[in-house]
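Undergrad: got a predicted structure here, sequence first:
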Amino acid sequence: MILESSSYPTEYWHKCEDGRVQCDVCPRECKLREGQRGLCFVRACEGGEIVLTSYGRSSGFCVDPIEKKPLNHFLPGTPVLSFGTAGCNLSCRFCQNWDMSKSREMDTLASSAMPEAIAHKAKALGCRSVAFTYNDPVIFMEYAVDTAIACREQGIKSVAVTAGYIMPEPREHFYRYMDAANVDLKAFSERFYKKLTSGSLAPVLDTLVYLKHETSVWFELTNLLIPGENDSDEELHQMTQWIMDNLGPDVPIHFTAFHPDYKMLQTPPTPPATLTRARKIALENGLQFAYTGNVHDSHGGSTWCHHCGELLIVRDWYQLGAWRLTEDGRCPECNTPCPGVFEPLPGNWGPRRQPVLMAL
């Protein structure tokens, strides 16, 4: 059922003995009285139930390169229609989309579009996928799932860009409709998560294990390296070894550069050498695909055969260069498969960003 209003009934909640209603979507378990909103801002208590107040309303639409999500092994070179809403269920002091994710103004949601309209627009624009991004789709999961269903009917794939902070039951429902995801593994310590995100690491690790072992979703990881907070050799060794042991060697990880923003304006930007060091540690610990991001580094941004070392896909930031994968996604030298979702030829969207107006 599609409602014309922006409030939408939800499933994952229960009533508490004290009269409050608890949202069961994420580990925060916000307990709300009538008229209150959760920390995410978009889930609220109305009529003794939890509703989603941002259904059908977005902070804007844009066509991006899929590499910007970032996804390097999922339909490389293709355009993706990206959108988000307001709010977030984490409180990252370093948020680089804070104008949307930290917004408490419904006026931020200036673009209106129902799921079918988004799917048709994506198809009309030649997009191979739609991405729920800019803020975490976990908090607007009903809108995202309905959009993913509409997209699937049009042959359009769905991508979740998320921090993975979600409870098991809604997680199973949400990822049933996703084709790919980039999960932001923000650090590898509870100290970091508590201090800088007001969240917890353990549920994120649970989500990663679930994705790897209980779904067919193609997913990649992002680790934003913040000087002095999560960039030590020790933490990078622990994190990449955990990935190797629990997810296996073929899950790509993107080490990306922090820039001063939001509540961490005094922290210096990440030196490119830190990204190179992190990539080296990941490769030494057995991960087959480690990338540097948010910097011009063709060597660290390109895809290399993990078996023979052959250069397979050249990248500089979001720009693809030489493409040497065979039509069935193998190394042309040693015939080793490159894990991911590939087509015989890459897309040619390039690095451009194209804002999109949705017709009402």
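TA: The structure has been received and is ready for your questions.
Undergrad: alpha carbons only for contacts and neighbour counts from here, please
TA: OK.
Undergrad: now Thr336. Nearest residue, chain neighbours left out?
TA: Arg330 (5.4 Å; Cα to Cα, 6 or more residues apart in numbering).
Undergrad: count of residues packed around the one you found?
TA: Per other Cα atoms under 10 Å, the neighbour tally for Arg330 reads 18.
Undergrad: and what of the one 3 residues further on?
TA: Here the neighbour count serves as a burial measure; for Glu333 (other Cα under 10 Å) it reads 16.
Undergrad: could you measure the nearest residue to it once chain neighbours are set aside against Asn335, distance?
TA: The spatially closest residue to Glu333, leaving aside those adjacent along the chain, is Glu310, at 7.1 Å (Cα to Cα, 6+ apart). Note on Glu310: its distance to Asn335, by Cα to Cα, to the nearest Å, is 11 Å.
Undergrad: repeat that for Ala148.
TA: 34 Å.
Undergrad: try Lys68
TA: 28 Å.
Undergrad: can you check Glu153 too?
TA: Glu153 is 34 Å from Asn335, by Cα to Cα.
Undergrad: those two - which one has more neighbours?
TA: Taking other Cα under 10 Å, Glu153 and Asn335 do not tie; Asn335 has more neighbours (15 against 12).
Undergrad: can you check the pLDDT for that one?
TA: pLDDT for Asn335: 98.
Undergrad: Provide a list of residues in contact with it.
TA: By Cα atoms under 8 Å, 6 or more residues apart in numbering, the contact list for Asn335 is empty.
Undergrad: now it: which helix or strand?
TA: Per DSSP states H and E, Asn335 falls between elements, in no helix or strand.
Undergrad: circling back: check contacts around the residue nearest to Thr336.
TA: 336-338.
Undergrad: quick check: of those residues, which lies closest to Met358?
TA: Cys338 (36.8 Å; Cα to Cα).
Undergrad: the closest one reaches Pro332, doesn't it?
TA: No - using Cα atoms under 8 Å, Cys338 is not in contact with Pro332; the gap is 10.6 Å.
Undergrad: compare those two and say which is more crowded by neighbours.
TA: Legend: neighbour count by other Cα under 10 Å for Cys338 and Pro332, higher for Cys338 (23 against 16).
Undergrad: could you check how far the more buried one is from Ile253?
TA: 15 Å.
Undergrad: thought Asn182 was touching Ile66?
TA: No - using Cα under 8 Å, Asn182 is not in contact with Ile66, being 10.8 Å away.
Undergrad: compare the two (neighbour count), which wins?
TA: Ile66 (30 against 23).
Undergrad: phi, psi of the more buried one?
TA: phi -60, psi -30 (degrees, to the nearest 10).
Undergrad: now do the contacts for Cys305.
TA: So Cys305 contacts 311-312, 331, 336, 338 (Cα under 8 Å, 6+ apart).
Undergrad: widest-spaced pair of these?
TA: Longest span within these, Cα to Cα: Leu311 and Thr336, 12.5 Å.
Undergrad: and the two? Which one has more around it.
TA: Leu311 (19 against 14).
Undergrad: what's the burial count for the closest residue to that one other than its chain neighbours?
TA: Nearest residue to Leu311, sequence neighbours excluded (Cα to Cα, 6+ apart): Trp304, at 4.5 Å. Trp304 has 20 neighbours, counted by other Cα under 10 Å.
Undergrad: my read: Trp304 touches Trp323, true?
TA: No - between Trp304 and Trp323 there is no contact under Cα under 8 Å: 11.1 Å.
Undergrad: joint contacts of those two?
TA: Joint contacts of Trp304 and Trp323 (Cα under 8 Å, 6+ apart) are 312-313.
Undergrad: one step back: distance to Pro9 added to the contacts of Arg330, as JSON lines?
TA: Listed next are these as JSON lines, based on distance: Cα to Cα, whole Å:
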{"residue": "Thr336", "distance to Pro9": "48"}
{"residue": "Pro337", "distance to Pro9": "44"}
{"residue": "Cys338", "distance to Pro9": "42"}
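Undergrad: closest one of the residues you listed to Pro203?
TA: Cys338 (29.3 Å).
Undergrad: what residues are up against that closest one?
TA: Cys338 neighbours (Cα under 8 Å, 6+ apart): 305, 329-331.
Undergrad: could you do Ile118 as well?
TA: 147, 151, 358.
Undergrad: of those, closest to Glu229?
TA: When those are ranked by distance to Glu229 (Cα to Cα), Thr147 comes first, at 36.7 Å.
Undergrad: pretty sure the closest one is touching Glu116, no?
TA: Yes - assessed by Cα under 8 Å, Thr147 is found in contact with Glu116 at 6.8 Å.
Undergrad: between those two, tell me which one has more neighbours.
TA: Thr147 (23 against 17).
Undergrad: which SS class is that one?
TA: helix (DSSP: H, G, I helix; E, B strand; the rest coil).
Undergrad: for it, give its distance to Leu208.
TA: Where Leu208 is concerned, Thr147 sits at a distance of 23 Å (Cα to Cα).
Undergrad: give me the low-pLDDT residue ranges for the chain?
TA: The chain contains residues with pLDDT under 70 at 1-6, 98-111, 359-360.
Undergrad: list the contacts of the residue nearest to Glu29 when sequence neighbours are not counted.
TA: Leaving aside its chain neighbours, Glu29 sits nearest to Cys23 (5.4 Å; criterion: Cα to Cα, 6+ apart). By Cα under 8 Å, 6+ apart, the residues touching Cys23 are 12-14, 29-32, 38, 50.
Undergrad: done for today, thanks.
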